[in-house]
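Undergrad: Give the three-dimensional model of this entry:
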Amino acid sequence: MRIGELARRAGTSTRTLRYYESRGLLTARRTGNGYRDYDEDDLRLLRQIRTLQDFGFELEETRPFVDCLRAGHPAGDSCPASLAVYRRKLAELDGLIGQLADVRGQVARQLSAAEEAAGDAVPRCEMTG
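TA: Reported below is the predicted structural model:
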């Protein structure tokens, strides 16, 4: 299939596909007249990349998954390098969750202190009278 059809089927743009090609994540074959030519395996690679990016993976983090598919594995996450990326991403997410929990705790304490300082009095908004 040509680049336009691949982009349409993958739900992306031809510009994105050219970018992936420049980064070595997608390899186009050329037809006799110079058009880029792709197949179903390329579509599978793109779907893997897009899924991972939807999960928050950086483009470069998708490389082991693409390499795994190119090596003939049935899934991009069936190789040790892909599993290592998953582990790193989970550790990163756990760290972010911890940071968010800390911030949430600080905001909850601040709210509680503000409510306590206000007492039972309902603040009067000067704009509404």
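Undergrad: Check the secondary structure at the most centrally placed residue in the chain for me.
TA: In the chain, the residue lying closest to the centroid (Cα atoms, centre = their mean) is residue 53, at 2.2 Å. Here residue 53 is helix, with the state taken from DSSP: H, G, I helix; E, B strand; the rest coil.
Undergrad: Give me the contacts around stretch 93-111.
TA: residue 56 (Cβ atoms under 8 Å, 6 or more residues apart in numbering). Glycine gets a C-beta too; all of them are placed from N, C-alpha and C.
Undergrad: Verify the contact between residue 61 and residue 52 for me.
TA: Yes: Residue 61 lies in contact with residue 52 (Cβ atoms under 8 Å); the separation is 6.9 Å.
Undergrad: as a whole number, average confidence for the longest helix that the chain contains?
TA: Counting residues, the longest helix in the chain under DSSP state H turns out to be helix 80-118. Taken as a whole, helix 80-118 has a mean pLDDT of 94.
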